[in-house]
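K.L.:
sequence first, then the predicted structure, then my questions.
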Amino acid sequence: MADISVQAQQRILSAIRERLQDVRMLRASTRAKNGYMGFNLTETTLSELHDVVAKSLDRDQIVDWLKLSDGYIALTGGGAVAPAVKRAREAFKVMWEELEAPPPAQLSAAG
C-alpha cells in the first residue's frame, strides 16, 4: 500500500470538483429530454468518487476508484452530458497515469 501525499490528494480532489462544476454548468445550459438521467448519474458518480478519495491516501485504491468511475460514466454518460463526461474521462486518465508512473530515479550521492 503506497500512499500519495496530501498535496497530491488535494490536486485530485480539486480536479474532481472541477469536473463536477463542468457537469453542473452544462446541465444549466442544456435542455435535456424529459426523463434523461445522464446528468444525475454522472454527478452522483463524481460526488461519490470525491467522497472516497477524500478519505484515502492509498495510491492503488485511488487508481482503482478513478478507473471504476471512468467505466461508470462511460456507460451512463451519453446524450446531453457527453461533452462533460468526455472531459472527465480525459482528466481521470491523466490522474491515474500519473499515479501509476514509476517514481523518478534517485541520483546516488556516492561517487
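P.N.:
Sure, I can see it.
K.L.:
quick one: residues contacting Val6.
P.N.:
Going by CB atoms under 8 Å, 6 or more residues apart in numbering, Val6 touches Leu57. C-beta here means a position set from N, CA and C on the backbone, and glycine is covered the same way.
K.L.:
the spatially closest residue to Thr76 that is not a sequence neighbour: how many residues sit nearby?
P.N.:
With sequence-adjacent residues excluded and distances taken as CB to CB, 6 or more residues apart in numbering, Thr76 is closest to Leu41, at 4.1 Å. Burial of Leu41 is recorded as 17 neighbouring residues (other CB atoms under 10 Å).
K.L.:
so, low pLDDT: which residues of the chain?
P.N.:
1, 104-111 (pLDDT under 70).
K.L.:
pull the longest helix from it.
P.N.:
helix 6-29 (DSSP state H).
K.L.:
the residue nearest to Thr76 and Gly79 touch, don't they?
P.N.:
No. Contact between Leu41 and Gly79 fails when scored by CB atoms under 8 Å: they sit 10.5 Å apart.
K.L.:
element containing the residue positioned nearest the centre of the chain, please.
P.N.:
Centroid-nearest residue in the chain, with CA atoms, centre = their mean: Phe92, separated by 4.3 Å. Element membership for Phe92, per DSSP states H and E: helix 82-100.
K.L.:
so what's Arg19 up against?
P.N.:
Contact analysis of Arg19 by CB under 8 Å, 6+ apart lists Leu46, Ala84, Arg87, Ala88, Ala91.
K.L.:
which among the residues you listed gets closest to Ile12?
P.N.:
Ala91 (9.6 Å; CB to CB).
K.L.:
and that closest one, how many neighbours does it have?
P.N.:
Neighbours around Ala91, by other CB under 10 Å: 18.
K.L.:
contacts only, for it.
P.N.:
Ala15, Glu18, Arg19.
K.L.:
check Lys33 too.
P.N.:
Gly79, Ala80.
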